[in-house]
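Peer 1: only geometry, no sequence info:
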């Protein structure tokens, strides 16, 4: 359980419900990516960052120390979020709590899907997926927590406008 940060699926589901966006389009996607880029550079994080609207990659950055395989992890995490409309960390914790094999449950191969933290859904109304925010390069709990921190910062700035 140490690899999942002691999260519960209930906590992670509540987190998703609290992190609703006022709106989400190209400008918001780029701003979210830029916040992640600035924070990642300030902390010298070896991460890749991606923001998607459906299958469209509208922001991507690879920071010093990241590796080409981070893009593969991002793509695999994105497929999980698109499949379930939940964060990859939620899916991992939920599968562990239920004692199930996520890949068998959803009939998805591990080669193309990854239930590793760092894939977060972007929701405006709470009624479906409006975008996907992805981080790869840190241990999965840190990928997830950094993603949540960036979204929280984005929402704080949006509230000031």
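Peer 2: Arrived safely, thanks for sending. Values in this document were obtained by computation on a predicted structure and should not be read as measured data.

Peer 1: Can you mark which positions in the helix or strand hosting residue 82 are buried?
Peer 2: Using DSSP states H and E, residue 82 falls within helix 69-84. Buried residues in helix 69-84, defined by neighbour count with 16 or more other CB atoms under 10 Å: 70-71, 73-82, 84. Every C-beta, even on glycine, is put in place using the N, C-alpha and C of the backbone.

Peer 1: Please apply the same query to stretch 96-116.
Peer 2: So, applying 16+ other CB under 10 Å, buried residues of stretch 96-116: 96, 102, 103, 106, 108, 113, 114, 115, 116.

Peer 1: Could you check how far the fourth one is from residue 82?
Peer 2: Per CB to CB, to the nearest Å, residue 106 is found 11 Å from residue 82.

Peer 1: Looking at the buried residues of stretch 96-116, which are in helices?
Peer 2: Among the buried residues of stretch 96-116, the members found in helices (DSSP state H) are 96, 102, 103.

Peer 1: Isn't the first one up against residue 5?
Peer 2: No. The pair residue 96 and residue 5 fails to qualify as a contact (CB atoms under 8 Å) at a distance of 11.6 Å.

Peer 1: Quickly list what's touching both of those two.
Peer 2: Counting by CB atoms under 8 Å, 6 or more residues apart in numbering, no residue touches both residue 96 and residue 5.

Peer 1: Would you map the helices across the protein?
Peer 2: Under the criterion DSSP H, the chain contains helices at 9-18, 26-42, 69-84, 88-98, 102-105, 140-160.

Peer 1: May I see the buried residues of helix 69-84 arranged in JSON lines, with pLDDT and distance to residue 60 as well?
Peer 2: Shown next, in JSON lines, are the buried residues of helix 69-84 (pLDDT from 0 to 100; distance: CB to CB, whole Å):
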{"residue": "70", "pLDDT": "97", "distance to residue 60": "10"}
{"residue": "71", "pLDDT": "97", "distance to residue 60": "8"}
{"residue": "73", "pLDDT": "98", "distance to residue 60": "13"}
{"residue": "74", "pLDDT": "98", "distance to residue 60": "8"}
{"residue": "75", "pLDDT": "98", "distance to residue 60": "11"}
{"residue": "76", "pLDDT": "98", "distance to residue 60": "15"}
{"residue": "77", "pLDDT": "98", "distance to residue 60": "13"}
{"residue": "78", "pLDDT": "98", "distance to residue 60": "11"}
{"residue": "79", "pLDDT": "97", "distance to residue 60": "16"}
{"residue": "80", "pLDDT": "98", "distance to residue 60": "18"}
{"residue": "81", "pLDDT": "98", "distance to residue 60": "16"}
{"residue": "82", "pLDDT": "96", "distance to residue 60": "17"}
{"residue": "84", "pLDDT": "96", "distance to residue 60": "22"}
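
Peer 1: Fine, thanks again, bye for now.
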